[in-house]
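Peer 1: model this:
(2 chains)
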Amino acid sequence: QKEVEQDPGPLSVPEGAIVSLNCTYSNSAFQYFMWYRQYSRKGPELLMYTYSSGNKEDGRFTAQVDKSSKYISLFIRDSQPSDSATYLCAMSGQGAQKLVFGQGTRLTINP
Amino acid sequence: DGGITQSPKYLFRKEGQNVTLSCEQNLNHDAMYWYRQDPGQGLRLIYYSQIVNDFQKGDIAEGYSVSREKKESFPLTVTSAQKNPTAFYLCASREDGFSGNTIYFGEGSWLTVV
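Peer 2: From the prediction side, this is the model:
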């Protein structure tokens, strides 16, 4: 079993829809949780960063962490065609030298 | 502007040849990383370095080598021993390698073996 599981998709939704992207993990030591967005043929860019449990909102994006269920989510409201990309979750524990990445979910927003 | 610069963006290599990918950062970050990305397989860690003159193998180090002679530079050599080198290579850096600080990526280098 992989340490971090992420549905690779692809996921296709109409413009304006609410998108939910998810990752599950098995290591209870993880405390730092990140979402990256990667456009085709580009490097990943940091989208959201959360420490421990709870919610964090930034514009149309909301990151949720549920440590009791070992489950993290990224919600995109009022989705736009420009949100079409691959979304990667990543996480690490205190003092960890490496991040553990999910496989990435490929998302397409249709106009 | 501060950031991570990878070069070249596209590179073609003949079988049996070594090739070196450059990675330079001006963020004053201590830790640097090299990842490989293949379609549908996410990111796989090749090598990482926490400080100058020190580096560790990641999950798929065979057929690769690195050096860390300067804080800002972490070049990756893809050797002829790497059996399937065609991939997208990503360099990343982190403020320090032990805290919860996130990592930042360069724009990547595409390597094709012809």
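Peer 1: dump the residue contacts of A:F30.
Peer 2: A:67, A:91-93, A:100 (C-beta atoms under 8 Å, 6 or more residues apart in numbering or on different chains). C-beta coordinates here come from the backbone N, C-alpha and C atoms, glycine included.
Peer 1: With A:S84 instead?
Peer 2: A:107-109.
Peer 1: Need the buried ones from those residues selected in ChimeraX.
Peer 2: Written as a ChimeraX command, the selection of buried residues from the contacts of A:S84, which uses 16 or more other C-beta atoms under 10 Å in any protein chain shown, is:
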select /A:107,109
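Peer 1: Now flag whichever of the contacts of A:S84 is closest to chain B.
Peer 2: Closest to chain B out of the contacts of A:S84 is A:L107 (14.6 Å), distances taken as C-beta to the nearest C-beta.
Peer 1: For the most centrally placed residue in chain B, give me the pLDDT.
Peer 2: A centroid search over chain B (C-alpha atoms, centre = their mean) returns B:W34, at 2.8 Å, as the residue closest to the centre. If you check B:W34, the pLDDT there is 98.
Peer 1: Could you check which helix or strand contains it?
Peer 2: Assigned by DSSP states H and E, B:W34 belongs to strand B:31-37.
Peer 1: Just the buried subset of the contacts of A:F30, please.
Peer 2: Of these, these count as buried by 16+ other C-beta under 10 Å: A:91-92, A:100.
Peer 1: taking those one by one, which sit in strands?
Peer 2: A:91-92, A:100 (DSSP state E).
Peer 1: Considering only the residues you listed, which also neighbour chain B?
Peer 2: Within the set of these, contact with chain B (C-beta under 8 Å from any C-beta of the partner chain) is found for A:S92.
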